[in-house]
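Novice: Quick one, structure for this:
(one chain, ligands or ions: 1)
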Amino acid sequence: MNKTDDLPAHAPDDRSLRFLFEDTDIRGETVHLGDAYRDIIALHQYAPAVSKLLGEFMAAAVLLSTTLKFEGKLILQARSEGQIPLLMVECTNALEIRAIARGADQATSTNFDQLLSKGQLVITIDPDQGQRYQGIVPLIGGSLAHSLDSYFEHSEQLSTRVWLAADGQRAAGLLLQQLPPQLTEDTAERSQQWAHVSSLAETVQDDELLALPTQTLLYRLYHEEPVRLFEPAAVSFRCSCSRQRTYNALASLGPSEVEDLLQELGRITMDCEFCNQQYHFSREDMGEVLGEPGGRTLH
Ligand SMILES: [Zn+2]
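Specialist: Numbering: from 1, shown residues only. Next up, the predicted model:
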C-alpha cells in the first residue's frame, strides 16, 4: 500500500472503513467514534468505566453491523448480575447508533468482570423484513473483544477477530474476517494466512487504535501486504424513538391502565431512556384508547 505521509495526524471521527487484503481471502473493517460517542454519553451521568465500556460496545456494534446484508438493525446487549445490569447498543444498516447502560448509577468498579459479573452477551439481528436471529454467549476473558472472539469461534462462521478501545472521548475498533475461499483454496495455506494477519493485529495498542487513521494503522501493521481501502461510511447518533411509537407503547397498556395514569398525573409524560426526549399525552390525545367520543387520534 501507499506511504502515509499526507495523512491527518488523527483518525477522522464517526466513520467506518472497509478494507481488503488483495492477495488473501481476508477482509477488515475499522471504526472511529467521536461526536456520536460523546453525544450519547453526555445524555447520562455514567461513571468513567461505564462510559468506556459503552464506547467499546458501540464500536463493536458498528463493526458487526457492517456484515449485515439487509435493511434492519443489530442489537448488542449485555445482561449481568454485576454493577451494570443491562447495557445495550443498537446499530442500523445505515450506521445510526443509540446506546444505554441501565441501572448503572452505582457502578464504582473499573473491572470488566465486576461491572458485568456473570454476564451474557446477546447478539440480535433484527431485519426490517424476515426472521430475527439471536445468539447468546457468556461474557468472558475480561473484555468484550474476547467475548466476541469466543462467539465467532463457537458459531459456525468464518474466522473473525475483533479489537476494541474507548477512553470516554473516543471509541474505536478493528475487525478482521476470513472470506470464503476465492484466491486461496488450500486449507492449510488459508489458516497460515489468517494466523499471520491476525497475529500482527494482536500487537495493536489501545492508543494506536483510537488515534491512528486507518491507513496509518494498516501501514504499520501490514506494510508488506497490498491492502485496498474502500470509501468510508458515516456513523451517527440517532434515536429511533418517535411520538407515534411512544403512543403505541402507551396504547398497548390498555384503557384502564391509561385511565389510571391520567387520573394520577393529569397528563402522561414518557421519557425516551436512550435520548431523554419527552413525549406528553393529554386525556384528549388518548381519546381513542379510552374509547371516548371526539378523542383526537394521532394517526
Ligand atoms: Zn429517543
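
Novice: which SS class is residue 126?
Specialist: Here residue 126 is recorded as strand under DSSP: H, G, I helix; E, B strand; the rest coil.

Novice: close enough to count as contact, it and residue 73?
Specialist: Yes - taking Cβ atoms under 8 Å as the definition, residue 126 is a contact partner of residue 73 at 5.2 Å. Bear in mind the C-beta positions are built from the backbone N, C-alpha and C, glycine included.

Novice: which one of the two has more residues nearby?
Specialist: More neighbours surround residue 73 than the other of residue 126 and residue 73, with 21 against 16 (other Cβ atoms under 10 Å).

Novice: ok, the closest residue to the more buried one other than its chain neighbours - contacts?
Specialist: In this structure, residue 73 finds its nearest non-sequential neighbour in residue 92, 4.6 Å apart by Cβ to Cβ, 6 or more residues apart in numbering. Residue 92 sits next to 65, 72-74, 240 when contact means Cβ atoms under 8 Å, 6 or more residues apart in numbering.

Novice: Kindly write the PyMOL command that selects the buried subset of these.
Specialist: Entered in PyMOL, the line below selects the buried ones among the contacts of residue 92, by 16 or more other Cβ atoms under 10 Å:
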select buried, resi 65+72+73+74
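
Novice: What is the nearest of the contacts of residue 92 to residue 181?
Specialist: residue 65 (25.0 Å; Cβ to Cβ).

Novice: Do I have it right that that closest one meets residue 91?
Specialist: Yes - with contact defined as Cβ under 8 Å, residue 65 counts as touching residue 91 (4.2 Å).

Novice: Pull up the overlap in contacts between the two.
Specialist: Joint contacts of residue 65 and residue 91 (Cβ under 8 Å, 6+ apart) are 73-74.

Novice: Residue 227 and residue 147, how far apart?
Specialist: According to Cβ to Cβ, to the nearest Å, residue 227 stands 27 Å off from residue 147.

Novice: returning to what we had before: what separates the residue nearest to residue 73 from the ion, distance-wise?
Specialist: Distance of residue 92 to the ion, given as Cβ to the ion, to the nearest Å: 14 Å.

Novice: And residue 273, by the same measure?
Specialist: With distances taken as Cβ to the ion, residue 273 is found 8 Å from the ion.

Novice: about what we covered before: quick one: pLDDT of the residue nearest to residue 73?
Specialist: With respect to pLDDT, residue 92 scores 95.

Novice: would you put the C-alpha positions of the top helix by length along the chain in CSV?
Specialist: Criterion DSSP state H: the longest helix present in the chain is helix 48-65. Extracted C-alpha coordinates of helix 48-65, given in CSV (Å, rounded to 0.1, in the frame of the first residue of the first chain):
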residue,chain,number,x,y,z
PRO,A,48,-15.9,6.7,33.6
ALA,A,49,-15.6,2.9,33.4
VAL,A,50,-19.2,2.6,32.3
SER,A,51,-18.7,5.2,29.5
LYS,A,52,-15.6,3.4,28.4
LEU,A,53,-17.4,0.1,28.2
LEU,A,54,-20.3,1.7,26.4
GLY,A,55,-17.9,3.0,23.8
GLU,A,56,-16.4,-0.4,23.2
PHE,A,57,-19.9,-1.8,22.8
MET,A,58,-20.8,1.0,20.3
ALA,A,59,-17.6,0.3,18.3
ALA,A,60,-18.4,-3.4,18.3
ALA,A,61,-22.0,-2.9,17.2
VAL,A,62,-20.8,-0.8,14.2
LEU,A,63,-18.2,-3.4,13.2
LEU,A,64,-20.7,-6.2,13.4
SER,A,65,-23.4,-4.2,11.5
